[in-house]
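*Asks:* Give me the fold of what follows.
(2 chains)
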Number of protein chains: 2
Amino acid sequence: MDADQIQTNAEFSSAERDAVYRCIFNRRDVRGQFLPDPIPDDVLARILRAAHHAPSVGFMQPWDFIVVRDAQIKRKLRDAFQTAHLEAAEMFRDEQRETYRSLKLEGIVEAPIGVCVTCDRSRTGPVVIGRTHQPEMDLYSAVCAVQNLWLAARAENIGVGWVSIIRHRDVQTVLGIPQRIRPIAYLCMGYVSHFFRRPELETAGWLPRTPLGDVLWIDRWRARAESDPLYEHV
Amino acid sequence: MDADQIQTNAEFSSAERDAVYRCIFNRRDVRGQFLPDPIPDDVLARILRAAHHAPSVGFMQPWDFIVVRDAQIKRKLRDAFQTAHLEAAEMFRDEQRETYRSLKLEGIVEAPIGVCVTCDRSRTGPVVIGRTHQPEMDLYSAVCAVQNLWLAARAENIGVGWVSIIRHRDVQTVLGIPQRIRPIAYLCMGYVSHFFRRPELETAGWLPRTPLGDVLWIDRWRARAESDPLYEHV
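*Replies:* Okay, the predicted model is just below:
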């Protein structure tokens, strides 16, 4: 092993650590606060590079990134959202349906940039290290790229919203994505008027934040040693 | 909308931004460099809190976290890895098989802490905002929690390795996880002797890093405007 293969000055300072946590805790799913200000290409390139440096199973890097700038393409995607959104509303009952209808759930047309992250499941061939027993790992790698993109954007003071109320086949049709390529996420990106403190669904009273201690177990499912000091810190 | 719902001092400085990028680019999948030093509970709690603040579809927070400290449980998981690993080796041919066998692909027993991240697909009921047309979104939410955990750990100078060469049903059996709960990731965590500069599979010559420009498109699949200035920055 050569010394030059090892990270030098690898230690993170507490200030750097705090910046990472600040990014994680202040990342929001943005729908209604996009500004029309363009994202400079060097900034967008940095964010995409962060996505591209996600972990990937067997280093297969199964993703592609389609940057959507065209207004007409955005409108077609917004129409596809709208179709799914109307269908979705019918699945909720009574009061929930009214609340659902009142929520702003996408900013496809307003956001200056869209990014579609995809997964090519056959990239690098049929046998991939780490995918032999968990074939979904390529999809999960692409999701890690999404989360990297989201956090990098927040650190660039840019908001991101993940649009999942849309059919994959509509995204494929509008963007010309072949059947064999799986869309993972359609993301709206742009500078914002403000970031909310808390997730909008939490503020709207849709669901509360689960206490971390309620989903944390020691050594076995649903097992906890009440005496375990870890619980004092969560 | 109340002013107290909005993030104040929301702007990230360039130093904070650089810390986030440093974390993203210096995160590694750690297998062979774990030290036995214990992770303090307050540090582990911070990392788990970061995971818990991942985005989740419809704010369903579908994850649980099982912290594995017990040496016997770790050995059982390592045995389950070993079974899958021997099977996996048979799937590669000739030279690749020799390379595969030479790779260190997990640190289950050496790492002081294991964390199993799971997904409860029925949490919060049958209809979830954002999952009506993409039912896999709950799994993807749990993967976002994994990536948050991984980055938070790096910022705490702690290494993480994702073990995917293992059968889900073995993980379920060893950890007592019910059939209806999906294991998403088994993660090894601990302080490390060093972090490598590059992914080990890249260094080993298994696969190269794909140039970002080769997976970046404008407005449509595999479409690029050569004149698009974005390509000058990647």
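*Asks:* pull the helix or strand with minimum mean pLDDT from chain A.
*Replies:* Every helix and strand of chain A was ranked by mean pLDDT, DSSP states H and E. The lowest is helix A:94-102, at a mean of 93.
*Asks:* From the contact counts, what lies against it?
*Replies:* The contact analysis (3 or more Cβ pairs under 8 Å, 6 or more residues apart in numbering or on different chains; DSSP states H and E) places helix A:94-102 against helix A:71-89. Glycine gets a C-beta too; all of them are placed from N, C-alpha and C.
*Asks:* does any part of the helix it packs on sit near chain B?
*Replies:* Yes - using Cβ under 8 Å from any Cβ of the partner chain, helix A:71-89 reaches chain B at A:Ile73, A:Ala84, A:Glu87, A:Ala88.
*Asks:* Just the buried subset of the residues you listed, written out for ChimeraX, thanks.
*Replies:* Command for ChimeraX that selects the buried part of the residues of helix A:71-89 next to chain B, burial taken from 16 or more other Cβ atoms under 10 Å in any protein chain shown:
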select /A:73,84,88
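*Asks:* show me where chain A has helices.
*Replies:* A:14-26, A:41-52, A:71-89, A:94-102, A:137-155, A:168-175, A:200-203 (DSSP state H).
*Asks:* winner for burial among those helices?
*Replies:* Ranked by mean neighbour count, these are led by helix A:137-155 with a mean of 27 (mean count of other Cβ atoms under 10 Å in any protein chain shown).
*Asks:* is that one anywhere near chain B?
*Replies:* Yes - Helix A:137-155 is in contact with chain B by Cβ under 8 Å from any Cβ, via A:137, A:139-140, A:143-144, A:146-148, A:150-152, A:154-155.
*Asks:* Please name the residues that touch the spatially closest residue to A:His168 that is not a sequence neighbour.
*Replies:* Residue nearest to A:His168 in three dimensions, not counting chain neighbours: A:Pro183, with 4.8 Å by Cβ to Cβ, 6 or more residues apart in numbering or on different chains. Contacts of A:Pro183 were listed using Cβ atoms under 8 Å, 6 or more residues apart in numbering or on different chains, and they are A:Cys116, A:Val117, A:Thr118, A:His168, A:Val171, A:Gln172, A:Ile177.
*Asks:* ok so, going back, now render the residues of helix A:137-155 next to chain B as CSV, adding pLDDT.
*Replies:* Below are the residues of helix A:137-155 next to chain B laid out as CSV (pLDDT from 0 to 100):
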residue, pLDDT
A:Met137, 98
A:Leu139, 98
A:Tyr140, 98
A:Val143, 98
A:Cys144, 98
A:Val146, 98
A:Gln147, 98
A:Asn148, 98
A:Trp150, 98
A:Leu151, 98
A:Ala152, 99
A:Arg154, 98
A:Ala155, 98
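*Asks:* Among those, which pair sits farthest apart?
*Replies:* Using Cβ to Cβ, the pair of the residues of helix A:137-155 next to chain B lying farthest apart is A:Met137 and A:Ala155, separated by 26.8 Å.
*Asks:* So for the residue nearest to A:His168, what's the pLDDT?
*Replies:* Looking at A:Pro183, its pLDDT stands at 98.
*Asks:* low pLDDT regions in chain A?
*Replies:* Segments of chain A classed as low confidence (criterion: pLDDT under 70) are A:1.
*Asks:* Can you check which strand is longest in chain A?
*Replies:* strand A:181-191 (DSSP state E).
*Asks:* show me the contacts for A:Ile165.
*Replies:* A:Ile165 makes contacts with A:Phe81, A:Ala84, A:His85, A:Ala88, A:Leu105, A:Glu106, B:Ile129, B:Gly130, B:Thr132, B:His133, B:Gln134, as judged by Cβ under 8 Å, 6+ apart.
*Asks:* The last one is in contact with A:His168, isn't it?
*Replies:* Same thing as B:Gln134. Yes - in this structure B:Gln134 lies within contact range of A:His168 using Cβ atoms under 8 Å: 7.0 Å.
*Asks:* my guess is A:Arg78 meets A:Val109, correct?
*Replies:* Yes - at 5.0 Å, A:Arg78 counts as touching A:Val109 under the criterion of Cβ under 8 Å.
*Asks:* Roughly how far does A:Ile24 sit from chain B?
*Replies:* 5 Å (Cβ to the nearest Cβ, to the nearest Å).
*Asks:* OK, contacts around that residue?
*Replies:* A:Leu151, B:Ala50, B:His53, B:Asn148, B:Leu151, B:Ala152.
*Asks:* what's the answer for A:Gln134, then?
*Replies:* A:Gln134 is in contact with B:Ser164, B:Ile165, B:Ile166, B:His168, counting by Cβ under 8 Å, 6+ apart.
*Asks:* picking that back up, and the furthest pair within the contacts of A:Pro183?
*Replies:* By the measure Cβ to Cβ, A:Val117 and A:Gln172 form the most distant pair in those, at 13.3 Å.
*Asks:* circling back: between the contacts of A:Pro183, which sits nearest chain B?
*Replies:* Each of the contacts of A:Pro183 was scored against chain B by Cβ to the nearest Cβ, and A:Ile177 proved nearest at 4.6 Å.
*Asks:* quick one, what contacts that closest one?
*Replies:* A:Ile66, A:Cys116, A:Thr118, A:Val171, A:Pro183, B:Trp221.
*Asks:* how far is stretch A:226-234 from where the chain is centred?
*Replies:* Its chain's C-alpha centre and that of stretch A:226-234 lie 30 Å apart, by Cα atoms, centre = their mean, to the nearest Å.
*Asks:* what separates stretch A:62-76 from the chain centre, distance-wise?
*Replies:* 16 Å.
*Asks:* Excluding chain neighbours, give the residue nearest to A:Asp70 in space.
*Replies:* Nearest in space to A:Asp70, with sequence neighbours left out and distances taken as Cβ to Cβ, 6+ apart, is B:Asp219 at 4.7 Å.
*Asks:* Just the buried residues of stretch A:189-201, please?
*Replies:* Applying a neighbour-count criterion of 16+ other Cβ under 10 Å, the buried positions in stretch A:189-201 are A:Met189, A:Gly190, A:Tyr191, A:Val192, A:His194, A:Phe195, A:Phe196, A:Arg197, A:Pro199, A:Glu200, A:Leu201.
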